[in-house]
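**Q** Following is a predicted model, sequence given first.
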Amino acid sequence: MDFQTKFKFKLTKRERYYVSAGVALVALFIIFQFVLSPFLEAKGEIKRSVQANGKTLKELVSLSSEYGSLKEGSEDIKKRLALMSKDFTLFSFLEKQAGRSGVKPNIKYMKPSTSTDKGSYKESSVEMKLENITLKQLVEYLHLVESSENLVRIKRISVNQSKGSPGYLTVLMQLMTYRE
């Protein structure tokens, strides 16, 4: 007995319509599940990847710009260090500026610290305490001290009102510079 004789189906027009519709739905489901759905997922993944790479690119451009400005600043510092006098010392510079601004008698102490290496440069610093100075004297001294040609910078500063002397200040600060 063969298959045709054993299973002869007599379907009405309506039943053939339903079977055809069912086969079409199964075919559409298979096409969607195995062709269209993976394509749409891949498209979405590519879109997310492009957005993430766009953010990364913007960050890289920003970092590149920052690196360029830092490199330019580094070159400027190298030029200034080359122009600095070889006998320049931070301690004597600060003392000289204290004399010029009139705060030398108000120096409680000055403590130089040992140089620490910062790459190809050495950082030298001085901790200084000034007592019973006015705000005007402090501003004048800081103006004289923070010189760009000697690369002197204030690393840390603490300003308090002097005890027992209203209108006067006690200042504790750490100043630093770089040497080759």
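**A** Right, received. Where do you want to start?
**Q** In this structure, where is pLDDT below threshold?
**A** For the chain, applying pLDDT under 70 flags the ranges 1-9, 116-119, 147-148.
**Q** and residue 130, what does it touch?
**A** Counting by CB atoms under 8 Å, 6 or more residues apart in numbering, residue 130 makes contact with 103, 106, 107, 108, 138, 141, 169, 170, 171, 173. Using the backbone N, CA and C atoms, a C-beta is placed for each residue, glycine as well.
**Q** And for residue 25, the neighbour number?
**A** Neighbour count of residue 25, defined by other CB atoms under 10 Å: 10.
**Q** Now do the phi/psi pair for it.
**A** phi -70, psi -40 (degrees, to the nearest 10).
**Q** for stretch 65-84, which positions count as buried?
**A** Using 16 or more other CB atoms under 10 Å as the test for burial, stretch 65-84 gives residue 81.
**Q** Quick one: residues in contact with it.
**A** 121, 148, 149, 150, 151, 178, 179, 180.
**Q** try stretch 152-172
**A** Against stretch 152-172 from outside (CB under 8 Å, 6+ apart): 90, 93-94, 125, 127-135, 138, 142, 145-146, 173-177.
**Q** Kind regards, and thank you for your time.
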